[in-house]
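Novice: A predicted structure for the sequence below; I have some questions about it.
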Amino acid sequence: MVSFFFRKIRYSSGFLLLEVVFAVAIVSVSIVMVLNTFFGVRRAIRQTEDYLRAGILLKEKMSEFEKQALAAGSAGIDTRKEEGGFPEAEGFKWERNFVRKLPGQPALGEFNLIVSWDEDSKIDALTCLKAK
């Protein structure tokens with residue numbers, strides 16, 4: 001009977017609590033890294049789409065201003081600062097700033113056209129418009 005109490009205790013073939021904690025920590029870090037990569041890619045795709053859309057809007061607005069300059073004819077270049085939005089693209093705004101009239105060319109002016117969205121995202125172009 002005494003030998004029953006002093007018998008060697010055999011360990012079971014399970015895992016220690018410390019091993020389980022380390023395994024859960026490693027899996028958690030891996031999942032966080034995969035999710036971070038996934039959301040980073042989504043953010044980059046959204047930003048690329050915004051820049052592409054802004055470029056298309058910029059080109060359309062520039063074409064519109066060129067048509068206006070040609071229609072103005074001998075009245076000359078409109079030097080007012082203008083701004084507005086795009087009804088078809090919510091959240092995008094445009095702004096046109098007159099830069100200067102080119103010397104010796106009264107019918108030629110330089111403009112800066114800016115298309116912006118969000119708080120700090122914008123795309124701009126500097127162009128010359130010529131009135132007929």
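Specialist: Arrived safely.

Novice: Look at residue 109 and give its secondary structure.
Specialist: strand (DSSP: H, G, I helix; E, B strand; the rest coil).

Novice: Next one: it relative to residue 17, how far apart?
Specialist: Per C-beta to C-beta, to the nearest Å, residue 109 is found 77 Å from residue 17. Quick note: C-beta positions are derived from backbone N, CA and C, even for glycine.

Novice: Of the two, which one has the most company?
Specialist: Neighbours per residue, other C-beta atoms under 10 Å: of residue 109 and residue 17, the larger number sits with residue 109, 21 against 8.

Novice: phi, psi of the residue nearest the centre of the chain?
Specialist: Centroid-nearest residue in the chain: residue 47, 2.8 Å away (criterion: C-alpha atoms, centre = their mean). Backbone torsions of residue 47, given as degrees, to the nearest 10, read phi -70, psi -40.

Novice: how deep is the closest residue to residue 57 other than its chain neighbours tucked in, by neighbour count?
Specialist: Distances taken as C-beta to C-beta, 6 or more residues apart in numbering put residue 115 closest to residue 57, at 5.2 Å, once the chain neighbours are dropped. Using other C-beta under 10 Å, residue 115 has 26 neighbouring residues.

Novice: Does residue 115 lie in a helix or a strand, and which?
Specialist: Using DSSP states H and E, residue 115 sits in strand 108-117.

Novice: Thank you kindly, that will do.
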